[in-house]
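> generate a structure from the sequence data that follows.
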Amino acid sequence: MKNIGFVGLGLMGCSMAKNLISAGFKLHVVKGRAKKAVAEVSKLGAKLHSTPKAVAAATDAVITCLPDTPDVQEVVIGNNGLLSSAKKGQLIIDMSTISPTAAQEMAAICAKKGVFFIDAPISGGTEGARDATLSIMIGGKAKGVKAAMPLFQAMGKKIVHVGGPGAGQFTKATNQIIAAGTWQAIGEGLVLAAKAGLDPAKVLEAVSAGAARCWALEVRAPSILDRHFKPGFMAKLQRKDLGIALDAGRALDVPLPGTALVHQFYNALVQEGGGDLDTSALVTMMEKLANVEIKRK
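Below is the predicted model of the structure:
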């Protein structure tokens with residue numbers, strides 16, 4: 001399996017595509033809106049096509065990494081979509097974060113044509129995409145997942161097949177609930193420290209070595225102190241992901257009160273123009289409420 005399609009060369013997708021090329025796969029991409037990214041992978045040998053349908057026709061597997069559920073549905077099962085030219089046994093691997101129900105529906109539609117649809121959302125931000133250290137949460141039939149494993153190994157470090165179709169998306173919803181709640185807690189904690197007159201940098205150093213230690217504190221929180229919110233993962237996408245989690249909770253009768261609150265704070269951040277900032281920019285909402293800024297002294 002050497003010819004691989006990739007649709008969605010965004011902040012994460014471009015680096016993931018480059019890692020696939022570095023691993024020896026022949027890449028096929030769509031001439032899309034991400035002209036800079038398309039040019040970059042083209043220089044590395046990727047072949048360009050006009051439609052997802054054309055990409056599927058030239059490949060053994062296609063990876064999608066797109067913003068939202070409707071985007072994936074259009075690319076996979078829409079007019080000139082991947083499924084319209086996919087062959088029996090072909091892999092369609094969606095690494096976006098979308099509705100678990102939609103993932104299950106697309107898996108069922110693809111299965112009727114003998115095509116494996118695998119939901120494999122990711123976590124790890126732009127750093128993980130660049131360094132091929134992503135956490136990959138996989139839902140799908142075992143045969144298809146086994147065939148896709150060399151692709152996952154070229155892009156990620158922690159690769160877990162969590163269950164059947166939709167399981168990857170339910171796992172990603174769990175991840176986003178925890179990750180977003182962590183940013184809410186970090187914002188509240190560091191605002192308290194700043195308001196008390198402490199140096200947030202020293203506080204961060206202290207708590208990062210204790211029970212509060214986590215990826216967000218170690219990797220991203222130092223950027224907050226320097227007031228850098230360049231996106232590793234955009235706040236508007238985090239808002240979207242929490243909406244997916246809340247929808248899943250309603251469908252399964254699972255109350256998610258904390259998630260609902262954090263979702264509203266992200267909504268406020270987006271409405272104030274911060275949607276393209278990093279997900280860590282949520283802390284600025286706490287700063288405004290407390291009238292204090294988290295920064296180095």
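> may I see the buried residues of stretch 111-120?
115, 116, 117, 118, 119, 120 (16 or more other Cβ atoms under 10 Å). Using the backbone N, CA and C atoms, a C-beta is placed for each residue, glycine as well.
> wait, which of these is closest to residue 231?
residue 120 (21.8 Å; Cβ to Cβ).
> setting aside sequence neighbours, what's the nearest residue to that closest one?
residue 138 (4.6 Å; Cβ to Cβ, 6 or more residues apart in numbering).
> chain center to whichever strand or helix holds the one you found: distance?
Using DSSP states H and E, residue 138 sits in strand 134-139. Remark: strand 134-139 is offset 10 Å from the chain centroid, using Cα atoms, centre = their mean, to the nearest Å.
> which strands and helices lie in contact with that strand?
strand 116-119, strand 122-123, helix 142-155, strand 156-163, helix 167-195 (3 or more Cβ pairs under 8 Å, 6 or more residues apart in numbering; DSSP states H and E).
> what's the closest of the ones you listed to residue 247?
Ranking those by distance to residue 247, with Cβ to Cβ as the measure, places helix 167-195 first at 8.9 Å.
> run the chain-centre distance for the closest one.
15 Å.
> report the next helix or strand after it in sequence order.
Helix 167-195 is succeeded, C-terminally, by helix 200-207 (DSSP H and E).
> and that following helix, which residues are buried?
So for helix 200-207, counting by 16+ other Cβ under 10 Å, buried means 200, 201, 203, 204, 207.
> next one: stretch 21-37
Under the neighbour-count criterion of 16+ other Cβ under 10 Å, stretch 21-37 has 21, 25, 27, 28, 29, 30, 34, 37 buried.
> for the residues you listed, which two are the farthest from each other?
25 and 34, at 19.1 Å, using Cβ to Cβ across the buried residues of stretch 21-37.
> neighbours around residue 157, how many?
Using other Cβ atoms under 10 Å, the number of residues around residue 157 comes to 14.
> quick one on the thing from earlier: just name the most buried of the helices and strands packed on strand 134-139.
Mean neighbour count (mean count of other Cβ atoms under 10 Å) peaks for strand 116-119 among the helices and strands packed on strand 134-139, with a mean of 28.
> residue 218: what's it in contact with?
With contact set as Cβ atoms under 8 Å, 6 or more residues apart in numbering, residue 218 has these partners: residue 208.
> what about it, distance to residue 211?
14 Å (Cβ to Cβ, to the nearest Å).
> what does the pLDDT read for the spatially closest residue to residue 90 that is not a sequence neighbour?
Leaving aside its chain neighbours, residue 90 sits nearest to residue 115 (5.1 Å; criterion: Cβ to Cβ, 6+ apart). On the pLDDT scale, residue 115 is placed at 98.
> surely residue 115 and residue 88 touch.
Yes. Using Cβ atoms under 8 Å, residue 115 is in contact with residue 88, at 7.0 Å.
> and the gap between the residue nearest to residue 68 when sequence neighbours are not counted and residue 279?
Using Cβ to Cβ, 6+ apart and skipping the chain neighbours, the partner closest in space to residue 68 is residue 240 (6.0 Å). Using Cβ to Cβ, residue 240 is found at 11 Å from residue 279.
> in terms of pLDDT, where does the residue most central in space within the chain sit?
Nearest to the mean C-alpha position of the chain, counting by Cα atoms, centre = their mean, stands residue 122 at 4.9 Å. As predicted, residue 122 sits at a pLDDT of 97.
> list the contacts for the residue nearest to it when sequence neighbours are not counted?
Leaving out its chain neighbours, the residue that sits closest to residue 122 by Cβ to Cβ, 6+ apart is residue 134, at 4.6 Å. Residues in contact with residue 134 (Cβ under 8 Å, 6+ apart) are 16, 122, 123, 124, 128, 155, 156, 157, 158.
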